[in-house]
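Enquirer: What follows is a predicted structure for the sequence shown.
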Amino acid sequence: MSLPQQLRDESDFDQLPDNIPVTATIADIEEKKGFIVYYRFVIEVKAKGNSKYLIYRRYRQFFVLHQSLELKYSAEAQPGYYTCQLPTLPVFDFSGSGRLELSLKAGDVIFLLRRVNADWLEGTVRDKTGIFPESFVNIIKPLPESDSDEEGGASMSGNRAQSSYSCLRCYLLQPEGIDTRDICVEEDLSIQPSYEDLLSQMRDIFQVEDIALNYRDPEGDLIRILDDEDVTLMVQESKQTGSKVKRPVNQFPWELLVTHAKDLSVYNTEY
């Protein structure tokens, strides 16, 4: 039997040497304390011959590998025959180890301020400013290469974000305090959403059903939004006051203030 015929009669797997890795599973996660607290994955590798061994990798090593594979094989980066859809990296919360570091959770939108070094960025989230590792976030709008005052944005999201995303800052006003959120939507900054869409979005974000939507007028008073005409007025007034407020370049010039529907104490009214 000729060698080509022999190779066709045998499966590809049977021809592999016994020391070739065939599976890899995360067996454990170890917490390590260096200059920062980080986590190392313990990966159990099983070879074709049933032998096993352990390797140790940090998340940022998977992140760098994923980026390299995307540059080489993704359809967006290299259109052509040899492309594939890479799986999305899992997202992990990041716990800051000191007062200079931000603590981030999946779904957070972070406004970028500057690059600290090759691995770390500085930004703001929920009115807090600090540094965090780039490998934990997806960049929505990158920082400009030049030293300008423009800002970018990043998201703790499992899906790759595009530059068409915009961020909306919203607040839930409650007697016990203010809950600040930044939400990311795939809309242009010039969009004027409907009242019902905004109401549904805020109910979902804050998990409160009986709410009212509001904005602040140029005098600083809280104005309740009741319909699409009020949304139009809010957007128009934001163009007048927006230039006075420094915002990231991908943030809407208007903000939503959410209150409980029956709470009228937040309004500047006299009886």
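Expert: Okay, I see it. Numbering: from 1, shown residues only.
Enquirer: Low-confidence stretches in the stretch 51-200 of the chain?
Expert: For the stretch 51-200 of the chain, the stretches flagged by pLDDT under 70 are 77-81, 91, 145-151, 156-164.
Enquirer: Please enumerate the strands of it.
Expert: Taking DSSP state E, counting those that start in this stretch as the criterion, the stretch 51-200 of the chain contains strands spanning 52-58, 109-115, 120-125, 128-133, 138-141, 152-155, 166-174, 177-185.
Enquirer: ok, the fifth one: who's next to it in the sheet?
Expert: Looking back up the chat, that one is strand 138-141. The pairing partners recorded for strand 138-141 under DSSP bridges are strand 152-155 (antiparallel).
Enquirer: what does the partner strand contact?
Expert: With contacts defined as C-beta atoms under 8 Å, 6 or more residues apart in numbering, strand 152-155 is touched by 107-112, 121, 123, 134, 137-144, 161, 165, 167, 184, 248-251. Where C-beta positions appear, they are placed from N, C-alpha and C, glycine not excepted.
Enquirer: Buried among those residues? Need that as a selection in PyMOL.
Expert: Here is the PyMOL command that picks out the buried ones among the contacts of strand 152-155, judged by 16 or more other C-beta atoms under 10 Å:
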select buried, resi 107+108+109+110+111+112+121+123+134+137+138+139+140+141+143+161+165+167+184+248+250+251
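Enquirer: Mark out where each domain of this structure begins and ends.
Expert: The chain resolves into domains spanning 20-82, 109-155, 166-260 when parsed by automatic domain parsing.
Enquirer: out of those, which comes closest to residue 89?
Expert: Among the domains of the chain, the nearest to residue 89 by C-beta to C-beta is domain 20-82 (5.4 Å).
Enquirer: Quick one: end-to-end distance for that closest one.
Expert: 24 Å (C-alpha to C-alpha, to the nearest Å).
Enquirer: How far away from the center of its chain is it?
Expert: Counting by C-alpha atoms, centre = their mean, to the nearest Å, domain 20-82 is centred 21 Å from the centre of its parent chain.
Enquirer: thinking again about what came up before, present the domains of the chain as JSON lines; the columns should include distance to residue 103.
Expert: Below are the domains of the chain laid out as JSON lines (distance: least, C-beta to C-beta, whole Å):
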{"stretch": "domain 20-82", "distance to residue 103": "11"}
{"stretch": "domain 109-155", "distance to residue 103": "8"}
{"stretch": "domain 166-260", "distance to residue 103": "14"}
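Enquirer: closest one to residue 95 among the ones you listed?
Expert: Per C-beta to C-beta, nearest to residue 95 of the domains of the chain: domain 20-82, 7.1 Å.
Enquirer: nearest spatial neighbour of residue 143, skipping sequence neighbours?
Expert: Distances taken as C-beta to C-beta, 6 or more residues apart in numbering put residue 152 closest to residue 143, at 4.4 Å, once the chain neighbours are dropped.
Enquirer: my bad, residue 18
Expert: Nearest residue to residue 18, sequence neighbours excluded (C-beta to C-beta, 6+ apart): residue 49, at 2.9 Å.
Enquirer: Over to residue 185?
Expert: With sequence-adjacent residues excluded and distances taken as C-beta to C-beta, 6+ apart, residue 185 is closest to residue 166, at 5.9 Å.
Enquirer: Pull the number of nearby residues for that neighbour.
Expert: For residue 166, the neighbour count with other C-beta atoms under 10 Å is 22.
Enquirer: Distance check, it against residue 229.
Expert: Separation of residue 166 from residue 229 (C-beta to C-beta, to the nearest Å) stands at 23 Å.
Enquirer: what's the answer for residue 90, then?
Expert: For residue 90, the distance to residue 229 (C-beta to C-beta) stands at 44 Å.
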